[in-house]
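Student: The sequence and its predicted three-dimensional model are supplied below.
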Amino acid sequence: MAWKKIIGQTTVKNLLQRAILEDRIAHSYCFIGNEGVGKEAVAIEFAKVANCEQPIVLDKTIDACGHCTSCKMMATLQHPNVQMIYSLPAPKAMDSRKDNISEKLSDEQIAEIQEQNALKAVNPYHKIQLGKATQIKIAQIREVKRGLSLTPNSQGRRFILVFKAEEMTPESANAFLKTLEEPHSNTTIIMTTSEPQLILPTILSRCQQVFFQALPDEELEDYLIDTFKLDLTEAKLAVSIGQGSYTKAIEYLDEDMKSLRNNVVDLFRTALKKRIYRSELVNKLQVILTEKDKNLIDKVLIILLLWLRDAMNVINQAPEKTLINIDQLPFLKNFAKNFANLNLNKSISLVEEAIRNNWRNVNQQLLLINLFIELRREILSESNT
């Protein structure tokens, strides 16, 4: 991977390249931004470029060559100078004689970790997910401290990458603070977090904080189209639901996107039927709600929200390039024809409120049934005035 393959984050990339070129790499950084905006991908690329044996320097940019020994090791994330720290599952067998946490893990757990690392090497945007792993444990931080006390076996700069630093236990955080208070030469620690409020202020104060922005829609669309061979409608839907996050966009891709979108639109059309509709609406909702999954409900509601915004744009005769559901244009035009004088602002507000309520302690099926009934009442009553 090269800088140009990092989606967006131009300001951050320029900042880090300038630090390398001017030999002003900080001892510690905290990369802050929403989940899925490239914090971990940038951290990995930063470590790769800083350790490249034959970097490509052009004007005010510096990039990794991709061919030297160091770059080849980074391509598999097997570089001796780079250590990734993230939440691990609890060891299945506690053996006090073993200091190394990896020695306490089962073969199955180690195999799962190796698989996730391999996926991360192929795609730095990959979200590492391990079963029952929710904490960065103090044993991991102690291993880092032991490693830093040893003389490095290879040339270059050492990087400790702590992903989702907010997942450190209180004991881990206090031990980590001591590590930051004693910086080691030619060593950089990078934390990433989407929840800086959960990190000790004393830790944050000892780091150079770098803020990551949401990914630009067009750049993320282009990336998804090139990488996953999506058509424009699929890419636009994924990006709109992702709201500037690669991770959220990819989670949406894991669903059968068009099928889910079509089911949501069908629900909406069912709710607008003039006669018997309630039993049909409930039955169709049950098909979608096979599990009590707040993330799935969130996707359903965002899809509905995007469709309503498209409908409002068609009613207002906005340019077609503004539409997300461009392949639904015939249906959108038919809706606009039937409700030509409709103001959808209230309907859109109802969906936005449902999105907020979804993350509270509510009955999800009841939430959706009430929403579609309210939308029916709002749209049909206004169209009759």
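Tutor: Perfect, thanks for sending it.
Student: Please enumerate the strands of the stretch 1-150 of the chain.
Tutor: Here the stretch 1-150 of the chain has its strands, by DSSP state E, counting those that start in this stretch, at 28-32, 56-58, 61-63, 82-85.
Student: of those, which approaches residue 377 most closely?
Tutor: Of all the strands of the stretch 1-150 of the chain, strand 28-32 sits nearest to residue 377, with 43.2 Å by Cβ to Cβ. All C-beta atoms are positioned from the backbone trio N, CA, C, and that covers glycine.
Student: Would you list the strands that the closest one pairs with, along with their directions?
Tutor: Applying DSSP bridges, strand 28-32 is found paired with strand 187-193 (parallel), strand 208-211 (parallel).
Student: how about low-confidence regions in the stretch 251-385 of the chain?
Tutor: 254-255, 290-292, 382-385 (pLDDT under 70).
Student: Among the strands of the stretch 1-150 of the chain, which comes closest to residue 273?
Tutor: Of those, nearest to residue 273 by Cβ to Cβ is strand 28-32, at 48.1 Å.
Student: quick check: mean pLDDT across the closest one?
Tutor: The pLDDT scores in strand 28-32 average 97.
Student: what's that strand in contact with?
Tutor: Residues outside strand 28-32 that contact it (Cβ atoms under 8 Å, 6 or more residues apart in numbering): 12, 39, 42-43, 165, 180, 183, 188-194, 196, 199, 203-204, 206-212.
Student: hmm, 7 Å instead?
Tutor: 39, 42-43, 180, 188-193, 196, 204, 206-212 (Cβ atoms under 7 Å, 6 or more residues apart in numbering).
Student: Same question for stretch 179-191.
Tutor: So stretch 179-191 is in contact with 25-31, 43, 141, 144-145, 148, 157-162, 165, 203, 206-207, going by Cβ under 7 Å, 6+ apart.
Student: Please check those and keep the buried ones.
Tutor: Buried subset of the contacts of stretch 179-191 (neighbour count, 16 or more other Cβ atoms under 10 Å): 25, 27-31, 43, 141, 144, 148, 157-162, 165, 203, 206-207.
Student: State the mean pLDDT of stretch 164-182.
Tutor: On average, stretch 164-182 scores 92.
Student: How far off centre is that stretch?
Tutor: 23 Å (Cα atoms, centre = their mean, to the nearest Å).
Student: Would you mind listing the buried residues in that stretch?
Tutor: For stretch 164-182, the neighbour count (16+ other Cβ under 10 Å) marks 164-165, 167-169, 172-173, 175-177, 179-180 as buried.
Student: and the end-to-end length of stretch 2-22?
Tutor: One end of stretch 2-22 sits 20 Å from the other (Cα to Cα, to the nearest Å).
Student: cool, and stretch 58-71?
Tutor: 18 Å.
Student: if we can go back for a sec, switch the strands of the stretch 1-150 of the chain over to a markdown table; also include distance to residue 339.
Tutor: Formatted as a markdown table, the strands of the stretch 1-150 of the chain follow (distance: least, Cβ to Cβ, whole Å):
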| stretch | distance to residue 339 |
| --- | --- |
| strand 28-32 | 44 |
| strand 56-58 | 56 |
| strand 61-63 | 53 |
| strand 82-85 | 53 |
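Student: deepest of those strands, which one?
Tutor: strand 28-32 (a mean of 23; mean count of other Cβ atoms under 10 Å).
Student: Just the CA trace of that one, in PDB.
Tutor: The C-alpha trace of strand 28-32 is given here as PDB (Å, rounded to 0.1, in the frame of the first residue of the first chain):
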ATOM      1  CA  SER A  28       4.100   9.500  20.600                       C
ATOM      2  CA  TYR A  29       0.900  10.200  18.600                       C
ATOM      3  CA  CYS A  30      -2.800   9.800  19.200                       C
ATOM      4  CA  PHE A  31      -4.800   9.400  16.000                       C
ATOM      5  CA  ILE A  32      -8.300  10.500  16.700                       C
END
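Student: Out of the contacts of stretch 179-191, which sit inside helices?
Tutor: Among the contacts of stretch 179-191, the members found in helices (DSSP state H) are 43, 141, 144-145, 148, 203.
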